[in-house]
Structures are given as C-alpha cells and as structure tokens.
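Trainee: Below is the structure, and that's it, no one-letter string:
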C-alpha cells in the first residue's frame, strides 16, 4: 500500500502542459499594440462620459432659463373696456306701449320712431282744451263786434219813452202846483205829482245810460279779459299737446338700438327707460389706472391696445381725457405701513382710425411697460 508521500512525489515528477488561456491572452496582448500602431488617432471615450455631458447640458439650460425668468421685468398688463355714448330714452307720460317699430341691434336714423304710447285720457283732455278755446274765441269775437244794432235801437226807444214820461210828469206837476196854489187841489195831490216827476226823471237817466252803453259797446277791460281767456285756452292746448308729443319716442341721433326694455301692451310710468341707444361714431377705450401710472401719461399720447374679440387685433388709440374718480381705489398702499392708498384715474383713449368691428363691452389690453 503506497503512502501519501509517495503519491505526492509521483505527481510532482509528471510533466506539466502550459495553459492555453495564457497563450491566447499573450497573443491578444501582442496583437493590440499592433492595431494601435496601425491607427494611432482613434480612441474610444470612456463609457460614462456621454451621459455626463447630456446631464450637464440640460442642467446648464435649466439654470440659464431660470435666471432669465427671474431677471427679466414682469409685464404690466392694463385691462380696459370699449365703451360708447349711450342714450337711455324714457317717456314723461304714463300709458301702455302701443308699438315698437324697431328691433335690438337695428341701426336707426336721426328722428326715427322708436316707441309709441297710448293714453286715451290724454287725448280726451286735448279735445276738452280745443273746445274751451273755441268758446273763448267766440266770446272775444262777440266783444269785438260790439252791441247789436237791434239792441241799440231798443235802448234808444226806451230812452225816448222815458223822456216822454218826464215831459208828461212835468206838465202834470205844473198844473197840480198851480191848482194847489189857488186852493183847488190838495197838497197830497201835489206831493204825488212831485214823486211821479222825480221817478220819471230817474227812469230817463237810466234809459240814457243804457243807450250810451249800447252805443259805446264793451269796455277795454272786458276786451282784455276775453283775450286772456283765449290765451289761457291756447296754453292749455299746448300743455296737453306737449304730453301727446311725448307719447312718441324719437331717436336723438343716428345710432344703434342696444337694449329694448319694454314690450307692446306693457304699462309704463314716467321716467322708466324704454330703449337704450349707442352711438357707434363716438366710441373709446376706458382704463382705470393708479395715479403712479398716470404720472407718465398726458393728453395726446398714442399707443396700441390688443383686442381679443378681434383676434388680438392691435388698434392705435389716443388719450383725450384724464379725470380723477371720486372714490379711493383698493390698490396697494404707497408705503409698507399702509398710510394711504393710491387714487384711481379714469382714462379715455379714442381710436385714431375707424374700426367698424369694434363694439362696446369688448376688452382691450395694454402692456404698460412696452408703452413706455
């Protein structure tokens, strides 16, 4: 039985074969310098360099954009609104709406009929006034014509009868007086004749006054009263006619019907707006600006505004009004402690050229920093 030491010695005495892998590695190692010798300029980048460059470029771009957004001035957009001259037309009378010959959005000419109102009581008062004027004019004509000839003749005849009665009474009194003086007539008879004479004389005086009145006609005061009655009747007609004229509402200028606030048959009261018109020839852009912005603005300045409703069309406008508003605005305080607020100014800027598509209510935007 062999011992372990004999087996180890036998293994050491056997010849060893060189490892093939080492030969292959040495061969490749020797071939690599040969290839590098053939192409000395070609070198492969390290495996982790490309991702590092991409990440660095993206990081630099993000940092640059962030710095640009932080450093650049923020735009100050001022929003305005297109406005136009409006007419809220109301009636001064009450009644029911009889007819509305226009429609909303319709262009109307100057003096066009917008609303007609019906009020039977007003028309009845007008007829009464016309009748009163006819009566007053007739009375004035009667006074101007004077007393009729028949009345004058009758008054003259009455005067002649009164004078004849005076003559008869005088003769009777004379005879009675002679008889009484001779004692042939009682004193009572004489007294009766005396009273009859006086009565006849007074009747003659009255007849004479009546005749003179008929001949002279009416007095100056009566003429003035009759003329005043005619004038009063004419004034009453004008007052009622003015109310009737207010029952038809007309367009004051060529404009467009913006709103129609009533319907036919509806009862209305005085002062209630019936129709609202807008004058498209008098339009402007209205801005409310803080006073710290208005300090750089003056009458006549021109700038462009952007109207989103017209596909962001830019319109040149000119400032024609800078007016302060009566109340204080809720803008930021001028100091950190909030001592007081900035006031608000109303700005009107009118389009330089005609813009037919522009309508009231459209928004208009202005970049205030760009304007400066």
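Mentor: Good, I have the coordinates. Keep in mind that this is a model prediction, so the values were computed, not measured.
Trainee: okay, CA-based contacts and neighbour counts for the rest of this
Mentor: Fine.
Trainee: right, and the helix or strand after the host helix or strand of residue 80?
Mentor: In the assignment (DSSP states H and E), residue 80 maps to strand 77-90. Going down the chain from strand 77-90, the next helix or strand is strand 95-99, by DSSP H and E.
Trainee: ok, the helix or strand following that following strand: who's next to it in the sheet?
Mentor: The element immediately downstream of strand 95-99 (helix or strand, assigned by DSSP H and E) is strand 107-108. Strand 107-108 pairs in its sheet with strand 255-260 (antiparallel), by DSSP bridges.
Trainee: Next, the angle from the partner strand to strand 77-90.
Mentor: Orientation of strand 255-260 against strand 77-90 (axes from the mean of the first three to the mean of the last three CA atoms, to 10 degrees) gives an angle of 90 degrees.
Trainee: So what touches strand 255-260?
Mentor: 102-110, 274-280 (CA atoms under 8 Å, 6 or more residues apart in numbering).
Trainee: circling back: buried set for the strand holding residue 80?
Mentor: For strand 77-90, burial by neighbour count (16 or more other CA atoms under 10 Å) applies to 79-84, 86-87, 89-90.
Trainee: do the same with stretch 218-237
Mentor: Result for stretch 218-237 [16+ other CA under 10 Å]: buried residues 218, 223, 226-227, 229-230, 232-234, 236-237.
Trainee: Redo the residues you listed as a markdown table? Include distance to residue 197 and secondary structure.
Mentor: Shown next, in a markdown table, are the buried residues of stretch 218-237 (distance: CA to CA, whole Å; DSSP: H, G, I helix; E, B strand; the rest coil):
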| residue | distance to residue 197 | secondary structure |
| --- | --- | --- |
| 218 | 32 | coil |
| 223 | 39 | helix |
| 226 | 41 | helix |
| 227 | 44 | helix |
| 229 | 45 | helix |
| 230 | 48 | helix |
| 232 | 50 | helix |
| 233 | 51 | helix |
| 234 | 54 | helix |
| 236 | 55 | helix |
| 237 | 57 | helix |
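Trainee: And the pLDDT at residue 183?
Mentor: For residue 183, the pLDDT comes out at 80.
Trainee: Compute the number of surrounding residues for it.
Mentor: For residue 183, the count of nearby residues is 10 (other CA atoms under 10 Å).
Trainee: Residue 89 contacts residue 273, correct?
Mentor: Yes. When contacts are counted by CA atoms under 8 Å, residue 89 is listed as touching residue 273 (5.4 Å).
Trainee: As a check, name the ranges of all helices in this structure.
Mentor: Remark: helices assigned in the chain by DSSP state H are 4-13, 20-38, 49-71, 120-145, 149-182, 187-216, 220-245, 291-294, 368-371.
Trainee: who wins for proximity to residue 269 among those helices?
Mentor: helix 220-245 (13.2 Å; CA to CA).
Trainee: so for that closest one, what's the average pLDDT?
Mentor: 91.
Trainee: if I read this right, residue 214 contacts residue 152, doesn't it?
Mentor: Yes. Contact between residue 214 and residue 152 holds when scored by CA under 8 Å: they sit 5.3 Å apart.
Trainee: Export the buried residues of strand 77-90 as a markdown table, with columns for pLDDT and distance to residue 251.
Mentor: A markdown table is the format used below for the buried residues of strand 77-90 (pLDDT from 0 to 100; distance: CA to CA, whole Å):
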| residue | pLDDT | distance to residue 251 |
| --- | --- | --- |
| 79 | 89 | 33 |
| 80 | 91 | 29 |
| 81 | 93 | 26 |
| 82 | 93 | 23 |
| 83 | 92 | 20 |
| 84 | 92 | 16 |
| 86 | 91 | 12 |
| 87 | 91 | 9 |
| 89 | 91 | 8 |
| 90 | 91 | 11 |
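Trainee: one step back: out of the contacts of strand 255-260, what pair is the most spread apart?
Mentor: Spatially, the most separated pair among the contacts of strand 255-260 is 274 and 280, at 19.5 Å (CA to CA).
Trainee: And residue 148, what's its pLDDT?
Mentor: pLDDT, residue 148: 80.
Trainee: Look at it and say how many residues are nearby.
Mentor: The number of residues packed near residue 148 is 12, by other CA under 10 Å.
Trainee: Could you do residue 116 as well?
Mentor: Using other CA under 10 Å, residue 116 has 20 neighbouring residues.
Trainee: Buried only: go through the contacts of strand 255-260 for me.
Mentor: Among the contacts of strand 255-260, those classed as buried by 16+ other CA under 10 Å are 102, 107-108, 274-280.
Trainee: Closest one to residue 354 out of the residues you listed, please.
Mentor: After measuring the buried ones among the contacts of strand 255-260 against residue 354 - CA to CA - the closest member comes out as residue 280, at 10.2 Å.
Trainee: That closest one touches residue 84, doesn't it?
Mentor: Yes. Applying CA under 8 Å, one finds residue 280 in contact with residue 84, separated by 6.6 Å.
Trainee: Tell me the strands beside the strand holding residue 80, with direction?
Mentor: Strand pairing for strand 77-90, determined by DSSP bridges: strand 273-290 (antiparallel), strand 363-367 (antiparallel).
Trainee: ok, now which ones touch the nearest residue to residue 102 once chain neighbours are set aside?
Mentor: Leaving aside its sequence neighbours, residue 102 sits nearest to residue 114 (CA to CA, 6 or more residues apart in numbering; 5.9 Å). Residues in contact with residue 114, defined by CA under 8 Å, 6+ apart, are 100-102, 248-251, 275.
Trainee: quick check, nearest of these to residue 312?
Mentor: Checking these against residue 312 by CA to CA gives residue 275 as the nearest, at 31.9 Å.
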